[in-house]
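Visitor: Sharing a sequence plus its predicted fold:
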Amino acid sequence: MAALARKLAFLSSFSLLFLFIVAGGARAQTSALEGHVIGEDGKPLKGALIRIERTDVRGNYKVKTDKKGRYFHAGLPLGTYSVSCEVDGKVWDTVAGVRTTLGEGKNVDFNLQKVRARQKALQAAAASGTLTEDQTKGLSDEQKKVLQEQMAKRSKAMKKNKELNDAFNAAMAAKEAKQWDVAVQNLEKAGELDPEQIVVWAQLADTYVQKSMSVTGAARGEALNKGIEAYEKVLALKPEDPAYHNNYALALARAGKMDEAEVELEKAAQLNPTGAGKYYYNLGAVMINTGNQEAAGMAFKKAIEADPNYANAYFQYGMYLLAKASLGDDGSIKPVEGTVEALQKYLEIEPNGPFAPSAQGAIQSLQGSVETSYTNPESRKKRKKKK
């Protein structure tokens, strides 16, 4: 029984899945981020808070600049990060998609003087609906077109009602500071001023969902239900957007409404067939984080069915199946059907992927065995001497 408990404890470590698996396999490979921060006055800024958020796997780090405006953070796992510069509680600038490498640290600088100038220029552009040549540098024609359309729509809507503009901006500032109730109050006001503003309802829905993750009990359920109601208003205004159906489904899943969540995911998949695998994978991740292993396993399986080349879905499904393994009489691990095949498929698609070490380790564990009884080494020696 003790051996069985040890083996099951070993297997349970794999059921943590989404949150912890990658970290264990990549500890030996670390990287660094460094850079300088220039203040609004054009001089090196001391004490600026640099927030480093890993976006491919959950992870948050922070460091402050020294008197020369320099920061350095070593020991970061290899991955993709979003790096932000915060001063007095305000995030001034963010650089997304920073991929670290082994060796020299990746350099990410912040110039708050330029950021301030850029903000003023963009505010003027938003008000006029035009962009300067400098602002369009580095943008593709499609990006310029999209940006111009967004600015034109926003400018037209915001000019219609200054109060709406003020309420929305106040809500975004509060949301950034994670002041959920203040953000909700301003977004609801904006929704009353202009019920046709999709972005207002989408932000309100997301704010309620974010709030639900910071509270417990009845407050959590109430926040989720409010978020669901807001998503329903979004979809009433824009029913053809697969991303909104996906986000709505994830909110429903958090509220335990799995049947309704699957219906919304099906709609998202129909509207965007190429993204169906991602939608179901996201659902699986939510289920893992809420402790619903069975629902997570089924979601990962559907992700594979929707996208047979979705490597990460194979890995997560394989680990879900691995948690169902049993211990044989001979001390070997008896996996359920499909476990090894799912892990091998992941390695076939992503032989050097982030989950590769964990997948290889899991497969190797299924090829070994454990002793199910205790033998005293001394008694074994005595028996040999009698011979």
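Guide: Looks like it came in fine.
Visitor: Surely Asp282 and Ala251 touch.
Guide: Residue 282: Asn, not Asp. No - assessed by C-beta atoms under 8 Å, Asn282 is found out of contact with Ala251, at 11.7 Å. Every C-beta, even on glycine, is put in place using the N, C-alpha and C of the backbone.
Visitor: So for the two, which sits in the more crowded spot?
Guide: Legend: neighbour count by other C-beta atoms under 10 Å for Asn282 and Ala251, higher for Ala251 (27 against 20).
Visitor: Looks to me like the more buried one is in a helix.
Guide: Yes - counting by DSSP: H, G, I helix; E, B strand; the rest coil, Ala251 is located in a helix.
Visitor: Could you pull up the residues touching it?
Guide: By C-beta atoms under 8 Å, 6 or more residues apart in numbering, the contact set of Ala251 is Ala205, Val209, Leu224, Gly227, Ile228, Tyr231.
Visitor: What of Val108?
Guide: Residues in contact with Val108, defined by C-beta under 8 Å, 6+ apart, are Leu33, Glu34, Gly35, Val83, Val95, Val98.
Visitor: Write the PyMOL selection for whichever of the contacts of Ala251 are buried.
Guide: The PyMOL selection below is limited to those of these classed as buried (16 or more other C-beta atoms under 10 Å):
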select buried, resi 205+209+224+227+228+231
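Visitor: so of the contacts of Ala251, which ones are in helices?
Guide: In helices, defined here by DSSP state H, the members of the contacts of Ala251 are Ala205, Val209, Leu224, Gly227, Ile228, Tyr231.
Visitor: Just give the closest residue to the fifth one, not the sequence neighbours.
Guide: Looking back up the chat, that one is Ile228. Closest residue to Ile228 apart from its sequence neighbours, by C-beta to C-beta, 6 or more residues apart in numbering: Ala251 at 5.3 Å.
Visitor: State the distance from the closest residue to Tyr317 other than its chain neighbours to Glu350.
Guide: Nearest residue to Tyr317, sequence neighbours excluded (C-beta to C-beta, 6+ apart): Phe300, at 3.9 Å. For Phe300, the distance to Glu350 (C-beta to C-beta, to the nearest Å) stands at 15 Å.
Visitor: Between these two, tell me which one has more neighbours.
Guide: Taking other C-beta under 10 Å, Phe300 and Glu350 do not tie; Phe300 has more neighbours (32 against 17).
Visitor: Touching, the more buried one and Gly284? I think so.
Guide: Yes - using C-beta under 8 Å, Phe300 is in contact with Gly284, at 4.4 Å.
Visitor: what do the two both touch?
Guide: Ala313, Gln316.
Visitor: ranges for the strands of the stretch 1-150 of the chain?
Guide: 30-38, 49-54, 59-64, 70-77, 80-87, 90-99, 106-107, 110-111 (DSSP state E, counting those that start in this stretch).
Visitor: quick one, what contacts Ala177?
Guide: Gly89.
Visitor: Find me the pLDDT at it, would you?
Guide: Model confidence at Ala177, given as pLDDT, is 95.
Visitor: what's the spacing between it and Glu86?
Guide: 11 Å.
Visitor: Counting neighbours, show which residues of stretch 179-194 come out buried.
Guide: For stretch 179-194, a neighbour-count test (16+ other C-beta under 10 Å) marks 179-180, 182-184, 186-191, 193-194 as buried.
Visitor: between these, which is closest to Gly361?
Guide: Set against Gly361, the nearest of those by C-beta to C-beta is Trp180 (40.3 Å).
Visitor: any idea how far that closest one lies from Glu188?
Guide: To Glu188, Trp180 is 12 Å away according to C-beta to C-beta.
Visitor: same thing with Gly353?
Guide: In terms of C-beta to C-beta, Gly353 sits 43 Å off from Glu188.
Visitor: With Ala117 instead?
Guide: 34 Å.
Visitor: Repeat that for Leu76.
Guide: Distance, Leu76 to Glu188, by C-beta to C-beta: 40 Å.
Visitor: three-state assignment of Pro351?
Guide: Quick answer, by three-state DSSP: Pro351 is coil.
Visitor: and Ile333, backbone torsions?
Guide: Ile333 adopts backbone torsions of phi -80, psi 130, taken as degrees, to the nearest 10.
Visitor: Closest to the centroid, which residue in this protein?
Guide: Residue closest to the average C-alpha location in the chain (C-alpha atoms, centre = their mean): Thr55, at 5.9 Å.
Visitor: and the gap between that one and Lys278?
Guide: 15 Å.
Visitor: just Asn292 next, same as before
Guide: Taking C-beta to C-beta as the measure, Asn292 falls 19 Å from Lys278.
Visitor: And Gln293, by the same measure?
Guide: Counting by C-beta to C-beta, the gap from Gln293 to Lys278 is 21 Å.
Visitor: Check the contacts of Ala251 against Asp330 and report the nearest one.
Guide: Of the contacts of Ala251, the one sitting nearest to Asp330 (C-beta to C-beta) turns out to be Leu224, at 48.0 Å.
Visitor: So in terms of bridging, what pairs with Glu34?
Guide: Partner residues in beta bridges with Glu34, using DSSP bridges, are Phe72, Asn107.
Visitor: one step back: Gln293 and Lys278: who's more crowded?
Guide: Between Gln293 and Lys278, counted using other C-beta under 10 Å, Lys278 has the larger neighbour count: 19 against 15.
Visitor: List the residues that contact that one.
Guide: When contacts are counted by C-beta under 8 Å, 6+ apart, Lys278 touches Ala303, Asp307, Tyr310.
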